[in-house]
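>>> Need a 3D model of the following:
(2 chains)
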There are 2 protein chains.
Amino acid sequence: MTPSPAHPADAGPEPVRLMVCTSCRAVGGDPEAPRPGAQLLAALGEAVAADPQAAATVIVEPVECLSVCKRPCTVSITAPGRWTYVYGDVDPASHAAPLLAFVDQYRATADGLVPWRERPEFIRKGVVARIPPLR
Amino acid sequence: MTPSPAHPADAGPEPVRLMVCTSCRAVGGDPEAPRPGAQLLAALGEAVAADPQAAATVIVEPVECLSVCKRPCTVSITAPGRWTYVYGDVDPASHAAPLLAFVDQYRATADGLVPWRERPEFIRKGVVARIPPLR
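Okay, here's the model as predicted:
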């Protein structure tokens, strides 16, 4: 999983942090079933493992709670010098690959602002909040 | 407004950034009236000016849009090494001073996590999202 020093992605910006809330439960979901965030995390892990570039471009990490709670799955995307976004209503069954594709779009921008028309619909509809670059 | 080098607050942590969204409009609000965020910004400016400590402990700044939109006023609180929070439903007429008091509570923590029971009610109810320390 460690990219070689010659990996083309090494020349690009720092990896994007993709945080997945693993706390929230789906309304009416089976309390014994894995939580949506755990399912999304597993799907992202598989997608990252299948993409040789991804290990150098995205860091997927679980977080305990993003305080959104009512819109699982909730994720946050951030990178140094860029706007940070929080998105809800991410579907673990269908959004892992599109989410990683969107992370690539985000990473390709200087400030994290992907043009509206280039955002996939689940990203447009799922936005919970954004925060200006912190440094 | 510039604190002297001997100002006690200089010995503490870095100032907290309090960002106020100035874009969103109140539902049914007078389109000619100042927007809620502009009103809150003015109220915070007055409160900061009246508190000799505040200039060294908080940086109040307008931001264009936090993408919350439906819960004006929306604000974000952040500081290096701490959780970042986004809050909605902040009332420009009554919450400026309590918000600055809460910023002091936030600043007094190591990680930005003010214990639940110590949070004022408008902060408990207004939370939109939180994001782990970014560095």
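>>> Is any residue of the helix or strand harbouring residue A:44 near chain B?
Take DSSP states H and E as the rule and residue A:44 turns out to sit in helix A:36-49. No. Figure legend: helix A:36-49 not in contact with chain B (C-beta under 8 Å from any C-beta of the partner chain); closest approach 14.1 Å. Every C-beta, even on glycine, is put in place using the N, C-alpha and C of the backbone.
>>> how far does that helix sit from the chain's center?
10 Å (C-alpha atoms, centre = their mean, to the nearest Å).
>>> same check, this time on stretch A:68-76
Its chain's C-alpha centre and that of stretch A:68-76 lie 11 Å apart, by C-alpha atoms, centre = their mean.
>>> can it be found next to chain B?
Yes. Judged by C-beta under 8 Å from any C-beta, stretch A:68-76 comes into contact with chain B through A:68, A:74, A:76.
>>> picking up where we left off before, and the helix holding residue A:44, what does it pack onto?
Applying 3 or more C-beta pairs under 8 Å, 6 or more residues apart in numbering or on different chains; DSSP states H and E, one finds that helix A:36-49 makes contact with strand A:16-21, helix A:54-57, strand A:58-63, helix A:96-107.
>>> Of all these, which one comes closest to chain B?
Taking C-beta to the nearest C-beta, strand A:58-63 is the member of the helices and strands packed on helix A:36-49 nearest to chain B, at 5.5 Å.
>>> For that closest one, buried residues please.
A:58, A:60, A:63 (16 or more other C-beta atoms under 10 Å in any protein chain shown).
>>> how about the nearest residue to the last one once chain neighbours are set aside, what does it touch?
Using C-beta to C-beta, 6 or more residues apart in numbering or on different chains and skipping residues adjacent in sequence, the residue nearest residue A:63 is residue A:19, 4.5 Å away. With contacts taken as C-beta atoms under 8 Å, 6 or more residues apart in numbering or on different chains, residue A:19 has the following neighbours: A:61-63, A:66, A:75-78, B:131-132.
>>> rerun at 6 Å
Contacts for residue A:19 were tallied using C-beta atoms under 6 Å, 6 or more residues apart in numbering or on different chains; they are A:61, A:63, A:76.
>>> And residue A:60, by the same measure?
By C-beta under 6 Å, 6+ apart, the contact list for residue A:60 reads A:18, A:44.
>>> so it bridges to which residues?
Using DSSP bridges, the bridge partners assigned to residue A:60 are residue A:18.
>>> Model confidence for it, exactly?
On the pLDDT scale, residue A:60 is placed at 95.
>>> and the residue nearest to residue A:116 when sequence neighbours are not counted, how many neighbours?
Distance criterion C-beta to C-beta, 6+ apart; nearest residue to residue A:116, sequence neighbours excluded, is residue A:124 at 7.1 Å. Residue A:124 has 11 neighbouring residues, counting by other C-beta atoms under 10 Å in any protein chain shown.
>>> From chain B, how far off is residue A:124?
According to C-beta to the nearest C-beta, to the nearest Å, residue A:124 and chain B sit 11 Å apart.
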